[in-house]
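Asker: Provided below are the primary sequence and the corresponding predicted coordinates.
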Amino acid sequence: MSKVVLHVTMSLDGFMAGPDVSIEHPMGRGGLRLHDWILNIPTSDVDATVTQEISTSTGAVVLGRRTFDVGVEVWQDTPFPVPCFVLTHNARSQRAMKSGTFTFITNGLKSALQQAEAVADGKDVTLMGADVAQQALCVGLLDEINLQLAPVLMGHGRRLFEHLGTEHLELERTRILASPLVTHLRFQVPHARSMSDGAALDHGLEANSRQN
C-alpha cells in the first residue's frame, strides 16, 4: 500500500510560503528563501540525496487548486513526472503535460487519494499545499511528514500547520539530517488509517475551498 507523504520546507517560525502568494509570486514575497537548499548550486551531498529520494519515491501527487494555479506556469509541466490530482470545485478536462497529467477531482480528498494510490504503483502519494496537508492530517490519512527546516524567521506568510482540528498529536521522528542550508526531519504520523471517512474529508474540503 502506498504511503501518503507530505514533503515541505518550513521556516523556524512555521511558515511554508511568504505573504501574498500569487502567480507572480508562487512562494509568496520572499518565500523562495525557503528553497535555497534546492536552488543552491552546487547542492550539498545531503540535500542532493534528499531531493533524489523525494523524486524517486513519488508515484502520484495530490494538490490543491490554488497550488496548481500558482505553480503550473513555473513548472511548465507536472511538479513530478507522475499522475497529479487537483482538488477543486470546478470541473475541468484532464490536462496532459510533458511528463504526466493533471486530473481535476471535484468529489473530495478521499476520492483524490484513492485515485492517486491506484496509479502510484506502490510508491508514495505526495501531498502539495498547506490546505491539502491539513485536511489529510485532520482525518488521519497522512502517514509521514518529510519536513525541511530552514534556519530563517520569516515573520509572516502562509503557515503550514493551522486549522488542524486537533489539540495534541505525538509524532515519531525517524530521521534527522543536516546540511549548511537546512535540517531534514522525517516523522511518522501515528493513526488508524482509513479511506472510509468520506463525510469528514468532504467537510474539510468544503471548509478550505477558497484556498484550493
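Answerer: Sure, I can see it.

Asker: What ranges does the chain have for its strands?
Answerer: Secondary structure of the chain by DSSP state E: the strands cover 4-11, 15-17, 58-64, 84-87, 95-96, 101-105, 124-128, 144-150, 158-159, 172-178, 183-188.

Asker: Between those strands, which has the poorest mean confidence score?
Answerer: Looking at the strands of the chain, the lowest mean pLDDT belongs to strand 158-159 (a mean of 90).

Asker: From the chain's centroid, how far away is the lengthiest helix in the chain?
Answerer: Criterion DSSP state H: the longest helix present in the chain is helix 45-57. Remark: helix 45-57 is offset 16 Å from the chain centroid, using C-alpha atoms, centre = their mean, to the nearest Å.

Asker: mean confidence for it?
Answerer: 95.

Asker: Could you check the angle that helix makes with strand 124-128?
Answerer: 110 degrees (axes from the mean of the first three to the mean of the last three C-alpha atoms, to 10 degrees).

Asker: thinking again about what came up before, how about the strands of the chain in TSV, adding mean neighbour count and distance to Thr78?
Answerer: To be clear about C-beta, it is placed using only N, CA and C from the backbone, and glycine gets the same treatment. Shown next, in TSV, are the strands of the chain (neighbours: other C-beta atoms under 10 Å; distance: least, C-beta to C-beta, whole Å):
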stretch	mean neighbour count	distance to Thr78
strand 4-11	23	15
strand 15-17	26	20
strand 58-64	24	7
strand 84-87	27	5
strand 95-96	12	9
strand 101-105	18	7
strand 124-128	26	11
strand 144-150	20	19
strand 158-159	19	22
strand 172-178	11	27
strand 183-188	17	24
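
Asker: Dump those into TSV; add distance to Ile38 as well.
Answerer: Formatted as TSV, those follow (distance: least, C-beta to C-beta, whole Å):
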stretch	distance to Ile38
strand 4-11	8
strand 15-17	14
strand 58-64	15
strand 84-87	19
strand 95-96	25
strand 101-105	22
strand 124-128	14
strand 144-150	9
strand 158-159	18
strand 172-178	15
strand 183-188	12
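
Asker: gap between the residue nearest the centre of the chain and Leu153?
Answerer: With distances taken as C-alpha atoms, centre = their mean, Met128 lies nearest the centre of the chain, 2.3 Å away. When distance is defined by C-beta to C-beta, to the nearest Å, Met128 is 24 Å away from Leu153.
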